[in-house]
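> here's my sequence, what's the structure:
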Amino acid sequence: MLDKLNGSIGIDELLPILDSISDAVFIDDRKGICLWCNNACEELYKVNSYDIEGKHVDELERSGIFTPSVTKRVMEEKRDITIIHENKLGKRLLTTGTPLFDSEGEISLIITTSRDITTLSNLKRQPESVPGSMIGLGDMENTDFTGSGIIANSVAMRNVMSLTKRLATVNSTVLITGESGVGKGLIAKLLHEEGNRFKGPFITVNCGAIPENLIESELFGYVPGAFTGSRSDGKRGLFEAAQKGTIFLDEISELPLNLQVKLLRAIQEREITPVGGVKAIPIDVRIVSATNKDLMSLVKQGKFREDLYYRLNVVPISVPPLRDRPEDILPLIQSNLQKCNDNLREDKIFSSDALAVLLKYPWPGNIRELQNIIERLTITTSDNIITEDNIPIFIKQEAETNANTNVELSLTAALEKAEKEILQRAMNNCKSTRAIAKVLNVSQPTVVRKLHKYGLSEGNM
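Prediction:
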């Protein structure tokens, strides 16, 4: 059946790599006939490839191999379909079918992936009168690796966690970047809790929330009689309060230019001078800062000091947005649903259709938005089952738009995306390109060429 895929660039190299991943991958033609499946399919469904390839989805569904058939629904609805279901072995699977369209807008191929999520979620059995699978709570395996509220199921977040834990053991100044709501504050707290300053204080300062005329005295304190209305005994600043611990300067881009000079001095000299004072006070504080803005762009605009930027950005940690780590969405939904149920003394669960919408939504507000939406749905849904009808209309519209954008990928683009992710995973587990080649069953020159193609550095192994 592979001769039908020969029009795709590099297919001979891509298919062996897809054979190495743990997710089951199927490629069906427009009529619903399976052209190819990878090795993981055989393991996940306990079938041989010759039991599947060349067979129509109707036949496979009747035989009980795929029940229900996601490919069949994609053919009928001509859109992305995501469901949660159990196979005949009792494994809980997250399956997504993606249609690829030709130039005339007709389906040319359907790519389906299945992932075993048995250890990530618990599917509650529901009465037969309730259609579809339900995702709920129960024996969910803990994917919160740190106890600090960080869920890292994706390769991208595992890399962030690994870097964070390495940096926790040193006292270097760290700049955490990322969009609003990605969890930069949790990463800062983890740096503190995993380091040798964990017994000291962790002081958080939101530089954008303190009025400009007060922020200097808040950070550095002031001596008695420093200004009208000041306390007669003076005030200790937040840097002093953080002695032997960590000070986290959130929204550092909002710090006024005149105070950036004083912060630079505090970093360089490891001492501060209170407002109205003349005597410097030594400080033993680790400085961690965060921003959701491009500081270098602000430097070029003259809104942020270049020398301070380089002092803060000794070691950067970039936290990816939620849309770039979709593997984290399901456990985040589960974790937050559990918290809401516990707080509200509820026992809500999601229908598979509702969950499919949430998985396709791009989450522009990231984890903070996800937390708010889950809490809203838990409160406003009167029944125990949260269905697609309960999802706000703007989320459904954005999810549909996002899905329609995604399905415009060509087969080559879709496979290349998977190929890059596979290579990134292999780099995390292998110490050389030869080791990667052995694991993926391809030649070492092929691995080197692919790493250069995707901008992956061999130095990261």
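
> surely Thr273 and Lys279 touch.
Yes: shown here, Thr273 and Lys279 form a contact pair, counting by CB atoms under 8 Å, at 7.3 Å. Where C-beta positions appear, they are placed from N, C-alpha and C, glycine not excepted.

> higher neighbour count, the two?
Neighbours around Thr273 and Lys279, counted as other CB atoms under 10 Å, are more numerous at Thr273. The numbers are 18 against 8.

> what's that one in contact with, if anything?
Shown in contact with Thr273 (CB atoms under 8 Å, 6 or more residues apart in numbering): Phe220, Lys262, Lys279, Ala280, Ile281.

> redo that, cut-off 7 Å
Phe220, Ala280 (CB atoms under 7 Å, 6 or more residues apart in numbering).

> pLDDT value on it, please?
pLDDT, Thr273: 93.

> now do the helices in the stretch 101-250 of the chain.
Ranges of helices within the stretch 101-250 of the chain are 155-168, 184-193, 212-220, 238-241, based on DSSP state H, counting those that start in this stretch.

> err, the stretch 251-400 of the chain, not the other one
In the stretch 251-400 of the chain, helices defined by DSSP H, counting those that start in this stretch lie at 257-269, 295-300, 306-312, 329-344, 352-360, 366-380, 393-406, listed in chain order.

> any idea which of those helices gets closest to Ile84?
helix 352-360 (4.7 Å; CB to CB).

> how far off centre is that closest one?
In terms of CA atoms, centre = their mean, to the nearest Å, the centre of helix 352-360 is found 17 Å from the chain centre.

> what's the angle from that helix to helix 329-344?
Here the directions of helix 352-360 and helix 329-344 differ by 120 degrees (axes from the mean of the first three to the mean of the last three CA atoms, to 10 degrees).

> so which elements touch helix 352-360?
On a contact count with 3 or more CB pairs under 7 Å, 6 or more residues apart in numbering; DSSP states H and E, helix 352-360 meets strand 81-86, strand 134-136, helix 329-344, helix 393-406.

> pick the most buried one from these.
Ranked by mean neighbour count, those are led by strand 134-136 with a mean of 23 (mean count of other CB atoms under 10 Å).

> mind putting the helices of the stretch 251-400 of the chain in CSV, distance to Leu35 included?
CSV is the format used below for the helices of the stretch 251-400 of the chain (distance: least, CB to CB, whole Å):
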stretch, distance to Leu35
helix 257-269, 59
helix 295-300, 47
helix 306-312, 52
helix 329-344, 28
helix 352-360, 25
helix 366-380, 36
helix 393-406, 21
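
> could you dump these into JSON lines with distance to Val439 and mean pLDDT added?
Formatted as JSON lines, the helices of the stretch 251-400 of the chain follow (distance: least, CB to CB, whole Å; pLDDT from 0 to 100):
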{"stretch": "helix 257-269", "distance to Val439": "44", "mean pLDDT": "93"}
{"stretch": "helix 295-300", "distance to Val439": "38", "mean pLDDT": "93"}
{"stretch": "helix 306-312", "distance to Val439": "39", "mean pLDDT": "95"}
{"stretch": "helix 329-344", "distance to Val439": "26", "mean pLDDT": "90"}
{"stretch": "helix 352-360", "distance to Val439": "29", "mean pLDDT": "84"}
{"stretch": "helix 366-380", "distance to Val439": "33", "mean pLDDT": "95"}
{"stretch": "helix 393-406", "distance to Val439": "28", "mean pLDDT": "78"}
